[in-house]
Structure formats: C-alpha cells, structure tokens
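Enquirer: Have a look at this prediction, sequence included:
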Amino acid sequence: MIVFCLCLGVAFSLGAVDSEPPLVQEAGAAITLDNEVAFSFYGNSLHAARMRPVKVASVREHDVFSAWRDYQKVDLSPVLASLGELSDSLGLNDWFVLELVRNYADGLLPSGTAMDRVLLEYYVLSSMGYDIKLARSDHQLILLVPFEQEVYEHYFIHIDGKDYYLIYDNLDSNLSEKSVLYPCDPPSINKGADRGRSLGLLFENKALNVSTGDDWLCDFDDGMIHVSCMVSPCVMRMLRDYPLMDLQCYATSVVLPQFHAAIEEQLMPQLEGMSQCDAADALLHFVQSVFGYETDTIQFGREKVNFVEENFYYDNNDCDDRSVLFAYLVSSLLGLDVQFVHYPGHDCTAVRFTECNTRGNGYYYGDDYYLICDPSYIGAPIGRCMPRFRSVKPAVKTMLPILASDGKTTPLEPRLDRKLFVADISVNLPEQGEPQQQE
C-alpha cells in the first residue's frame, strides 16, 4: 500500500488498481491541430497551438486508458513548441510551466469535465519530459507531481521512495478525508526508474516576465538606510499562492534579477566603509524597522513565506519573511554565511562573522560560531536572542549558494550538515529594558 498524506497532517491510503474487466472499444477519431487557442494566464491573454482534445467517458481505468490511446495519435510537437516559446518569453520556472499547461487546458476545455482537463495536462506535461503520474478517486483524476524541493502543507503520496504531490483540476478540487486514490498510469508509460524529471521550485537564471500594467514604486527608509524599488503587482499575485518551502529556498531564489540588482546597487554605497558588524547591524535595523508586523493567518489566511521581492510589496510581514530578507541581504552584500534558526514558534537567523570580535548569544556549528541575528526582535543588535530562547537548542538549516543578478553564484561554499552544538551564552543580557519581541 502506498501512503497518501499531508505534510504534518493526516494520512490516507492509495488503493490497488481496480479489477474491472477490460472492455473492447473502437479506436477514436484521429486528433488534429487547428490554428490556436486563447487562454488567460494571471491576467494575460496568451495564444498557443490548438489541439482537438479527447473526451474521457468515465473515471474508470479502462475509459482513461482508452482516451490515452487516442491522445497518442496526435503529433504534439506544435503544442509543445508554442508552450515552450511562451515559457521562455515569460521566464517561467517549472512551477509556472505547470500552471501554464493547466491554464492552457482550461482555455481549451472551458466546458469540459475535470477528467478531460487533467488527462490533457498529464499528456502534455509527460511529453515535456516531467515525471508526472496519474491517480483517480471515485469521481475525478488527479495529477501526481514530484518537486525537487520539499513542500509543506500539501497532500502527497510516497511512491518508490519519492514524494508525489496531488494537483487537482482548477474547477473541481474536492477530496474528503476518507478518499481512496487508485494508481492510474497508462500502461504505455515507461515504468522504469527514469521516467522524467522533477519540477524545480527555485527561481534560477531566469527573469519572471509577466505583467498586466505598470510596476509599483516602493520606498523604505529607517533613517540610516534608504531603498527605492519597483515591483510588479502581477508577479506578486503569481507568487501569492506559491507552494510552501524551506526558508532557504526563498532567500536563494531570484524572481526578478533587475530588482535584486537595483537593491544591491543602492545598498552597497550606503554600507561602504562599515565593518562587518556595523553593516550587519545596519541591515538588521533596517529589516526590523521599515515593515509592519502581521501573522500569515491574519494577512493571508494561511501559512505563507515571502520571496525577497514580496517583502517590498506588502505592508506587513512576519518572522520567517524577515529572516528570508535579512539572510539574502547579508549573504549577497556582505558575503557572509547565514543559517536559518528555528525555535518553537519562531524563526530567525544566525551569521558566521569573519572580521568581527563581537560576542553574544549564538551557537557552534561544527567548529564555527554563529551569532543570533533576529530581524523580528525590534531594536536588538546582532548577537541578541529573545530571552525565552537563550537556553533552547535550535534547529538550523544552511543557506544554499546565492545566485547573483548576473546569474553567477557568489563565492559562498555549500555547507555540509554536521551535528549541532549549542554554545554557552557568552553575554548575560539584562531582562529589563529588552527590545520589543515580535513573532
């Protein structure tokens, strides 16, 4: 039996293939391409090669396989070429290629069934070289999609040592807690270990180029550091429902390279001449001061982590968002090694300084000492931890190499995971007059 579960959630079961007898069915009509189809993609009207889709008679296995055999009669190359051109021109990563195909299916089959759209998506994505599987419940088909990164708060099935996340039709996404899913891969699909590639969720070496209007000017000033930047409301809407990942994935992604280049170009002269500690303190104060604080539940109705760009778009953020932004700034501007630090109910960062003698609250990671830097502990300098966490052993995750705005990696070396040792507190800080704690 294959386990179906929600990360940090409830488990389900994937049932065995049904035992319905195969039915003899006449081959369907040949499928042809006919001009183009228009469809909407995050407010943009796009066009791609049209194909005549197949009707899926029912969710039963033999009907799904019959429709799949009909799909194999078409030369899909014009559709793949047009969708590939759109993906390249819009700078889409794998997640948004998936969304592009789903929106294409919606445009091609606006009045079709969920089964029709999902099977079309499965056919196109598999033909693109992705490792997509298919499952069915009692009333619908579901895409099973593997990601290179771990995804949280999303149902997935563990198959042959690999996690496949459930992607439903846009218009019919009902799944009860007692639903049973059945594997439904067409028999012609390669059953070997190398079925295709997983979808990457990072933004690397591409510039997301989707817009429905003018960019917004955002201006931030804490009295010492000033940043003025342009952000795209359309791109922000695209990122709003992005899959939930580990914090380092957000800090190392470059959604809008021009945005990152502009931020770095403005900040570098303002930090010139400062020591590592002073520069880190200045950046820490900036992140602590220029944003309002709000929990994800109140602001978005669910858990969400902001990419770097999103922090400059929304008026408020929380501890994990600020940690992402501060980690990016310190890594890209100062070239220092940053780790994400997780305490129960709170996230912050820690930095390994190379030219700084400041001591404070921190821990040893292998032979290296990391100072706590908390972007949500208002007024706290580097090396100061919230009082209730000073005796708590944190969980940490290392930063991946940062991608610079020119697409090249900075000279940060990947860190090997080693056993964590928590250092004794080096400075006894007073309990009175503590900075404001936000979490």
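Expert: Perfect, thanks for sending it.
Enquirer: Flag the shaky bits of the stretch 251-400 of the chain, pLDDT-wise.
Expert: 400 (pLDDT under 70).
Enquirer: how about the helices in it?
Expert: 257-271, 276-289, 296-300, 308-311, 319-329 (DSSP state H, counting those that start in this stretch).
Enquirer: same check, this time on the stretch 101-250 of the chain
Expert: For the stretch 101-250 of the chain, applying DSSP H, counting those that start in this stretch gives helices covering 114-127, 233-239, 247-251.
Enquirer: quick one: contacts of the last one?
Expert: Outside helix 247-251, the residues within contact range by CB atoms under 8 Å, 6 or more residues apart in numbering are 149, 201-202, 305-308, 320, 323-325, 327-328, 331, 338, 340, 347, 397-400, 402. Where you see a C-beta, it was placed from the backbone N, CA and C, and this is true even at glycine.
Enquirer: again, but for stretch 135-142
Expert: Under CB under 8 Å, 6+ apart, the answer for stretch 135-142 is 14, 56, 59, 61, 64, 114-115, 118-119, 122, 134, 144, 157, 166-169, 172, 174-175, 179-184.
Enquirer: Filter those residues down to the buried ones, ChimeraX style.
Expert: Entered in ChimeraX, the line below selects the buried ones among the contacts of stretch 135-142, by 16 or more other CB atoms under 10 Å:
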select :14,56,59,61,64,114,115,118,119,122,134,144,157,166,167,168,169,175,179,181,182,183,184
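Enquirer: Just the contacts of stretch 135-142: which are in strands?
Expert: The strands, defined by DSSP state E, take in Leu14, Leu134, Leu144, Ile157, Leu166, Ile167, Val180, Leu181, Tyr182, Pro183 from the contacts of stretch 135-142.
Enquirer: confidence score at the closest residue to the second one other than its chain neighbours?
Expert: By that I understand Leu134. Nearest residue to Leu134 in three dimensions, chain neighbours excluded: Cys184, at 4.6 Å (CB to CB, 6 or more residues apart in numbering). Looking at Cys184, its pLDDT reads 87.
Enquirer: which ones are touching Cys184?
Expert: The contact partners of Cys184, taken as CB under 8 Å, 6+ apart, are Val17, Glu61, Val64, Leu134, Ala135, Arg136, Leu141.
Enquirer: What does the residue lying closest to Val341 once chain neighbours are set aside show for phi and psi?
Expert: Excluding its sequence neighbours, the residue lying closest to Val341 (CB to CB, 6+ apart) is Pro394, at 4.6 Å. Main-chain torsions, Pro394, degrees, to the nearest 10: phi -80, psi 160.
Enquirer: count of residues packed around Pro394?
Expert: Neighbours of Pro394 under the rule other CB atoms under 10 Å: 21.
Enquirer: ditto for Gln276
Expert: Neighbours of Gln276 (other CB under 10 Å): 19.
Enquirer: correct me, but it touches Asp337?
Expert: No. Between Gln276 and Asp337 there is no contact under CB atoms under 8 Å: 11.6 Å.
Enquirer: From the contacts of helix 247-251, list just the buried residues.
Expert: Neighbour counting with 16+ other CB under 10 Å marks 201-202, 305-308, 320, 323-325, 327-328, 331, 338, 340, 347, 398-400, 402 as buried within those.
Enquirer: OK, contacts around the residue lying closest to Phe41 once chain neighbours are set aside?
Expert: With CB to CB, 6+ apart as the criterion, Phe41 has its nearest non-adjacent residue at 4.9 Å, and that residue is Asn103. Applying CB under 8 Å, 6+ apart, we find Asn103 in contact with Phe39, Ser40, Phe41, Leu46.
Enquirer: what residue ranges in the stretch 101-250 of the chain score low on pLDDT?
Expert: Scanning the stretch 101-250 of the chain for pLDDT under 70 picks out the ranges 171-179, 188-194.
Enquirer: Turn the ones in strands among the contacts of stretch 135-142 into JSON lines, columns for distance to Arg359.
Expert: Compiled in JSON lines, the ones in strands among the contacts of stretch 135-142 are given as follows (distance: CB to CB, whole Å):
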{"residue": "Leu14", "distance to Arg359": "53"}
{"residue": "Leu134", "distance to Arg359": "57"}
{"residue": "Leu144", "distance to Arg359": "50"}
{"residue": "Ile157", "distance to Arg359": "48"}
{"residue": "Leu166", "distance to Arg359": "49"}
{"residue": "Ile167", "distance to Arg359": "49"}
{"residue": "Val180", "distance to Arg359": "58"}
{"residue": "Leu181", "distance to Arg359": "54"}
{"residue": "Tyr182", "distance to Arg359": "60"}
{"residue": "Pro183", "distance to Arg359": "57"}
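Enquirer: Cheers, nothing more for now.
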